[in-house]
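> show me how the following folds:
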Amino acid sequence: MTKAEIEFNKNEDTMLLKWAEVQHKLDKIFLGGGKDKIAHQHKEGKLTARERINLLVDKGSLFFEIGAFAGYEMYPEHGGCPAGGVVTGLGKVEGRLCMIVANDATVKAGAWFPITGKKNLRAQEIAMENRIPIIYLVDSAGVYLPMQDEIFPDKEHFGRIFRNNAKLSSMGIPQIAAIMGSCVAGGAYLPIMSDEALIVEGTGSIFLAGPYLVKAAIGEDVDQHTLGGATTHCEISGVTDYKMPDDATCLQTIRKLISKMGKSEKAGFDRVVAVAPKLKTEELPGVFPENATKPYNMMDIILRLVDDSDVTLYKEDYGKSMICAYARIEGWAVGIVANQRLVVKNAAGEMQFGGVIYSDSADKAARFIMNCNQKKIPLVFLHDVTGFMVGKRSEHGGIIKDGAKLVNAVANSTVPKFSVIIGNSYGAGNYAMCGKAYDPRLIVGWPTAKIAVMGGTQAAKVLTQIQVSALKKKGEAPDHEKEQKLFEEVKAKYDVQTTPYYAASRLWLDAIIDPRKTREFIALGIEMADHGMIEKFNPGIIQT
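Numbering: from 1, shown residues only. This next block holds a predicted model:
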């Protein structure tokens, strides 16, 4: 076996082990509040959130779950909140791509934690940006009262969801809500601000105040179903539109409603018949290095992602620390912007690249992004970046100005942007490569993804140097034991905070994906984005 084959096998083993760890964690998350809570839900005659989604989406079609890791290892003092207590994702219903939001009543009766609100807002944001229908499967006890101050009053809190209900309707984006369990207090507005509302008899209920609060407020005794059950709202109040006998019938009725929707105008992104890559996509785990500091050729990744392993490189011999290329993925035309982590010597014999953005590569990428906007070509960013180049030569050369050009181009880009973090995504490099703050339509990470202002070792060295400098200014001698302790503490903290799980739990990533499914993810994203018209590109104040 050659050295290259040994290296490939080592890389593959490391990546597949990391992916197995992801799946193991997901298996636990998918149980929601646990097997006992699932059994209790079944006893009440209700399906679980994921069972409902399985019945709703077309058989054999992909359901791309968004935010499965939301809330992971958060709120331990409250017993945790698996998947944020709500399942969201993209799925096809009667052949039409929809955003689906399903409360998980096995997790604190579907109550809303802060991350639940953030996840719901993300789902609505995706529906708005791409003009796709949104389906709510409601089964929630409302705001989680012990944390009301972190979910109720602010701009991006609970109330924003109802504001978005109104905005979605005004944009002509269909919203269908099914009341399949409790729907209490402020949460009652969500289904009723949707275009149509279904309610399941015997299990569904909706009211501003439940029986206990009614008794406390006005002294009236009333049971839950008389107060706000299916019969009440379909026959007396007229609040809901369809009375359903059970979950299965309710979900089938939603499918019928979706099937009759008219078609909307597409964005018009170019697509031809897809061709499989000549270099096997299945080899991706073996191509990416198991050690984050090792150099590799990003083209080995790209050629396993694009149709026929064929690319047209833009400014191939200029700004080599950034690859810009036109290609197709599952038939869709794309513009690819990717960091190059090769280590080579320049004319002066100095080592370069290593995932760093230089002035020439920033200028190149900014121009390429503008070209893709002019030609209405979606952009795909592949992150493995440690940041912009620093030092006297770079500063004198105007790295800040050139970096600003790139950040400006990304910020003003109007074509759909999709980010895949395959390795590092540090500092301003994250911004320049369309991190979460720059409105990617979807952003995902491989199991090797790392997001932070800088790496753990680098941060620990910086903070240790600052402490030493402060002591010297006071005339005190550095304490090497304390320095080492500080270094280890900072590094340990950063090592935790740079994992893909930490990022995904806070929705900095929409999902952690299998590298071998990257083509499917990008294709689904562009298909989704093709439902929504795009604005004309305005480059703002980008200087040439």
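
> G456 against T498, yeah?
Yes: applying CB atoms under 8 Å, one finds G456 in contact with T498, separated by 6.3 Å. (Each C-beta comes from the backbone N, C-alpha and C, glycine too.)

> and the helices in the stretch 351-500 of the chain?
Secondary structure of the stretch 351-500 of the chain (DSSP state H, counting those that start in this stretch): helices located at 359-374, 392-396, 399-412, 427-432, 456-473, 480-497, 500-505.

> go through the ones you listed and find the least confident stretch.
The weakest mean pLDDT among these belongs to helix 456-473, with a mean of 77.

> one step back: Serialize the helices of the stretch 351-500 of the chain to JSON lines and add fields for distance to E125 and mean neighbour count.
As requested, the helices of the stretch 351-500 of the chain are exported to JSON lines (distance: least, CB to CB, whole Å; neighbours: other CB atoms under 10 Å):
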{"stretch": "helix 359-374", "distance to E125": "21", "mean neighbour count": "22"}
{"stretch": "helix 392-396", "distance to E125": "36", "mean neighbour count": "11"}
{"stretch": "helix 399-412", "distance to E125": "17", "mean neighbour count": "20"}
{"stretch": "helix 427-432", "distance to E125": "19", "mean neighbour count": "23"}
{"stretch": "helix 456-473", "distance to E125": "31", "mean neighbour count": "15"}
{"stretch": "helix 480-497", "distance to E125": "24", "mean neighbour count": "14"}
{"stretch": "helix 500-505", "distance to E125": "17", "mean neighbour count": "22"}
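
> which one of these lies closest to C250?
Among these, helix 500-505 comes nearest to C250, with 30.8 Å by CB to CB.

> the longest helix in the protein is where?
helix 3-29 (DSSP state H).

> pull out the buried positions in it.
Applying a neighbour-count criterion of 16 or more other CB atoms under 10 Å, one finds E7, F8, N11, E12, T14, M15, L16, K18, W19, V22, K25, I29 buried in helix 3-29.

> wait, which of these is closest to I218?
Lowest distance from I218 to the buried residues of helix 3-29 (CB to CB) belongs to I29, with 41.6 Å.

> tally of neighbours for the closest residue to the closest one other than its chain neighbours?
Leaving out its chain neighbours, the residue that sits closest to I29 by CB to CB, 6 or more residues apart in numbering is P82, at 4.9 Å. Neighbours of P82 under the rule other CB atoms under 10 Å: 22.

> picking up where we left off before, to P191, which of the helices of the stretch 351-500 of the chain lies closest?
Between P191 and those, the tightest spacing by CB to CB is seen for helix 500-505, at 27.8 Å.

> so for the residue of the chain positioned farthest from its centre, what's the pLDDT?
Taking CA atoms, centre = their mean as the measure, the residue most remote from the mean C-alpha position of the chain is G475, 49.3 Å away. pLDDT for G475: 77.

> ok, it - contacts?
By CB atoms under 8 Å, 6 or more residues apart in numbering, no residues touch G475.

> quick check on it: phi, psi?
phi 80, psi 20 (degrees, to the nearest 10).

> helices and strands of the chain: which one has the lowest mean pLDDT?
strand 351-353 (a mean of 60; mean pLDDT, DSSP states H and E).

> re earlier: next SSE after the longest helix of the chain?
Where DSSP states H and E defines the elements, the next helix or strand beyond helix 3-29 is helix 35-43.

> what residues does that next one touch?
Around helix 35-43, the neighbours that count as contacts under CB under 8 Å, 6+ apart are L31, G32, L47, T48, A105, T106, V107.

> can you rerun that using 6 Å?
Helix 35-43 has contacts (CB atoms under 6 Å, 6 or more residues apart in numbering) with T48, T106.

> cool, and stretch 121-138?
Contacts to stretch 121-138, defined as CB under 6 Å, 6+ apart, come from residues 52, 88, 97-103, 160, 164, 173-180, 183, 191, 507, 528-529, 531-532.

> sorry, back to before: can I get the buried residues of helix 3-29 in JSON lines with distance to Y212 and pLDDT?
Below are the buried residues of helix 3-29 laid out as JSON lines (distance: CB to CB, whole Å; pLDDT from 0 to 100):
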{"residue": "E7", "distance to Y212": "65", "pLDDT": "94"}
{"residue": "F8", "distance to Y212": "63", "pLDDT": "95"}
{"residue": "N11", "distance to Y212": "58", "pLDDT": "96"}
{"residue": "E12", "distance to Y212": "57", "pLDDT": "97"}
{"residue": "T14", "distance to Y212": "54", "pLDDT": "96"}
{"residue": "M15", "distance to Y212": "52", "pLDDT": "97"}
{"residue": "L16", "distance to Y212": "52", "pLDDT": "97"}
{"residue": "K18", "distance to Y212": "48", "pLDDT": "97"}
{"residue": "W19", "distance to Y212": "47", "pLDDT": "98"}
{"residue": "V22", "distance to Y212": "42", "pLDDT": "98"}
{"residue": "K25", "distance to Y212": "37", "pLDDT": "98"}
{"residue": "I29", "distance to Y212": "32", "pLDDT": "98"}
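
> re the thing from before, nearest to P440, out of the helices of the stretch 351-500 of the chain?
helix 399-412 (9.5 Å).

> below-threshold pLDDT in the stretch 101-250 of the chain: ranges please.
Within the stretch 101-250 of the chain, the stretches with pLDDT under 70 are 186.

> all the strands of it, in order from the start?
134-140, 175-184, 196-200, 205-207, 242-244 (DSSP state E, counting those that start in this stretch).

> list the contacts of the residue nearest to I29.
Neighbour list for P82: I29, G32, V107 [criterion: CB under 6 Å, 6+ apart].

> what do you get for D530?
K266, A267, F269.

> 10 Å - rerun?
Neighbouring residues of D530 by CB atoms under 10 Å, 6 or more residues apart in numbering: L97, N130, R131, K266, A267, G268, F269, R271, W332, P378, P416.

> the nearest residue to V184 once chain neighbours are set aside: neighbour count?
Leaving aside its sequence neighbours, V184 sits nearest to G142 (CB to CB, 6+ apart; 4.2 Å). G142 sits with 20 neighbouring residues when counted by other CB under 10 Å.

> how far away is G142 from I151?
Computed as CB to CB, to the nearest Å, the G142 to I151 distance reads 10 Å.

> ditto for K266
K266 is 37 Å from I151, by CB to CB.

> who has more neighbours, these two?
Comparing K266 with I151 by neighbour count (other CB under 10 Å), the higher total belongs to I151, at 22 against 13.
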